[in-house]
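> the sequence and its predicted three-dimensional model are supplied below.
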Amino acid sequence: MLSQDWPQTYQEAVALQESLRGQVRLIPLSRPPRFVAGADAIAARADRRIFGAIAVYSYPELELVEEAGAAGVCPFPYRTGLLSFREVPILAAAFEKLKQRPDVLLVDGQGIAHPRGLGLATHLGLVLEVPTIGVAKSRLLGNGEEPGRDAGAAIPLIWQGKVVGLILRTQTGKKPFYLSPGHLITLAESREIVMGCVRRYRSPIPLRQADGLSRRLRSAASDPEETRRAPAPDKWR
């Protein structure tokens, strides 16, 4: 799925999403996970380069085992619903550097809670053939009220009459996440694992670590003059 024919236009990207959606499998894990990773990518301010990071933790102990990063040319412009075409290639490149393959990958983006059922987490799961969970900060679609204020409170996220995820509060009184399974995992397992990765902060620890690494990679590679001139790109996921 990663080739020289990577889509370059909106029409090509949507067509690939439509062709891949039938390959998504939401099935139980074959065994409890021992290693859970977070995946995050961020573009440079001029939107020409992109940086991806993976952080692997033991589970449920949540001890950092390994992290890897990659940098490259941003392969696709920002378009709502097509985030995976910007971020999958660089996240796959970072994943390939890992010595310890994670059993589950938490992704900063949508899973099946997507107009074509193929958000970033789902697309990445198909490419890597690894169970993935979408842990998004923003609602892309679906209906559902705010959950209760206590940690662990959740409300189903409904789209076209189907449950596609959860509005999940990971920490008491903090903003909820929009959780949806990506590939090779169930919604119930997704909720359990995400909550098992939360400690002091709202964000699951593997995702928080990956976010920090991607930002450090961008900072180390940034051109101060370019950063001063260019506006920040929209990062709504």
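Perfect, thanks for sending it. Being a predicted model, the structure only gives us computed values, none of them experimental. Numbers count the residues shown, from 1 in each chain.
> which element is Arg208 on?
Assessed by DSSP states H and E, Arg208 sits inside helix 205-221.
> again, but for Pro32
Remark: Pro32 resides in no helix or strand, with elements defined by DSSP H and E.
> what is the helix holding Arg208 packed up against?
For helix 205-221, the packing partners by 3 or more CB pairs under 8 Å, 6 or more residues apart in numbering; DSSP states H and E come out as strand 35-43, strand 49-58, strand 64-73. Every residue, glycine included, has its C-beta placed from N, CA and C.
> now do it: distance to the chain's middle.
Helix 205-221 sits 14 Å away from the centroid of its parent chain (CA atoms, centre = their mean, to the nearest Å).
> ok so, going back, out of the helices and strands packed on helix 205-221, the one nearest Ala188 is which?
Ranking these by proximity to Ala188 (CB to CB) places strand 35-43 first, at 15.9 Å.
> may I have the helix holding Arg208 as PDB, with CA atoms only?
Once non-C-alpha atoms are left out, helix 205-221 reads as follows in PDB (Å, rounded to 0.1, in the frame of the first residue of the first chain):
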ATOM      1  CA  ILE A 205       1.600   7.900  28.000                       C
ATOM      2  CA  PRO A 206       2.800   6.300  24.700                       C
ATOM      3  CA  LEU A 207       1.100   9.100  22.700                       C
ATOM      4  CA  ARG A 208       2.400  11.800  24.900                       C
ATOM      5  CA  GLN A 209       6.000  10.500  24.500                       C
ATOM      6  CA  ALA A 210       5.500  10.200  20.700                       C
ATOM      7  CA  ASP A 211       4.200  13.700  20.500                       C
ATOM      8  CA  GLY A 212       7.200  15.000  22.400                       C
ATOM      9  CA  LEU A 213       9.600  13.200  20.100                       C
ATOM     10  CA  SER A 214       8.000  14.400  16.900                       C
ATOM     11  CA  ARG A 215       8.200  18.000  18.200                       C
ATOM     12  CA  ARG A 216      11.800  17.600  19.100                       C
ATOM     13  CA  LEU A 217      12.600  16.300  15.700                       C
ATOM     14  CA  ARG A 218      10.800  19.200  14.100                       C
ATOM     15  CA  SER A 219      12.600  21.700  16.300                       C
ATOM     16  CA  ALA A 220      16.000  20.200  15.600                       C
ATOM     17  CA  ALA A 221      15.400  20.400  11.900                       C
END
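> show me which positions of that helix end up buried.
Buried residues in helix 205-221, counted by 16 or more other CB atoms under 10 Å: Ile205, Pro206, Leu207, Arg208, Gln209, Ala210, Asp211, Leu213, Ser214, Leu217, Arg218.
> list the contacts of the residue nearest to the spatial centre of the chain.
By CA atoms, centre = their mean, the mean C-alpha position of the chain lies nearest to Val107, the distance being 2.2 Å. With CB atoms under 8 Å, 6 or more residues apart in numbering as the criterion, the residues that contact Val107 are Gly38, Ala39, Asp40, Leu91, Leu120, Ala121, Leu124, Thr132, Ile133, Gly134, Val135, Gly182.
> how about a markdown table for those residues, with pLDDT added?
A markdown table is the format used below for these (pLDDT from 0 to 100):
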| residue | pLDDT |
| --- | --- |
| Gly38 | 98 |
| Ala39 | 98 |
| Asp40 | 98 |
| Leu91 | 98 |
| Leu120 | 97 |
| Ala121 | 98 |
| Leu124 | 98 |
| Thr132 | 98 |
| Ile133 | 98 |
| Gly134 | 98 |
| Val135 | 98 |
| Gly182 | 98 |
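> among these, which ones are buried?
Buried residues within the contacts of Val107, counting neighbours by 16+ other CB under 10 Å: Gly38, Ala39, Asp40, Leu91, Leu120, Ala121, Leu124, Thr132, Ile133, Gly134, Val135, Gly182.
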